[in-house]
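>>> dropping the sequence and predicted coords here.
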Amino acid sequence: MNLTIERVQTGVRMEKRLLKVLKAFADYKDMTLGDLLEGIVLHAFDGKTPFSRDSLKRIADLKKFYGLDLDSSASHQLKEGKRK
């Protein structure tokens, strides 16, 4: 399937370690961060998981490497601290 779309630049702020994991996973899958995020959101909108068992294992390894100790229970609970 070949769908023509229009992409726009966005200035989204995100938790630093979460972004590191996403970037590393996108690199592992040889895709852009934007493509990865689009895929995650489209799957979520359909109520589907975007990741295979192998991908979830890789993500767990990346979370450990980058010290990301957050999970879905932290959603909508994060408060930004003062910048150093």
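Here it is on my side, so go on.
>>> give me the below-cutoff pLDDT ranges for this structure.
Applying pLDDT under 70 to the chain flags residues 84.
>>> residue nearest the centroid of it?
Leu22 (4.2 Å; C-alpha atoms, centre = their mean).
>>> and that one, what helix or strand is that in?
helix 16-28 (DSSP states H and E).
>>> and that helix, what's buried?
Arg17, Lys20, Val21, Leu22, Ala24, Phe25, Ala26 (16 or more other C-beta atoms under 10 Å). Bear in mind the C-beta positions are built from the backbone N, C-alpha and C, glycine included.
>>> next, count neighbours for Asp35.
Asp35 is flanked by 13 other residues according to other C-beta atoms under 10 Å.
>>> how about it, what does it touch?
Residues in contact with Asp35 (C-beta atoms under 8 Å, 6 or more residues apart in numbering) are Ala26.
>>> which element is it on?
Per DSSP H and E: helix 33-45 holds Asp35.
>>> what's the following helix or strand after that helix?
Next element after helix 33-45 (DSSP H and E): helix 53-66.
>>> what packs against that next one?
In terms of contacts (3 or more C-beta pairs under 8 Å, 6 or more residues apart in numbering; DSSP states H and E), helix 53-66 is packed against helix 16-28.
>>> all set now, cheers.
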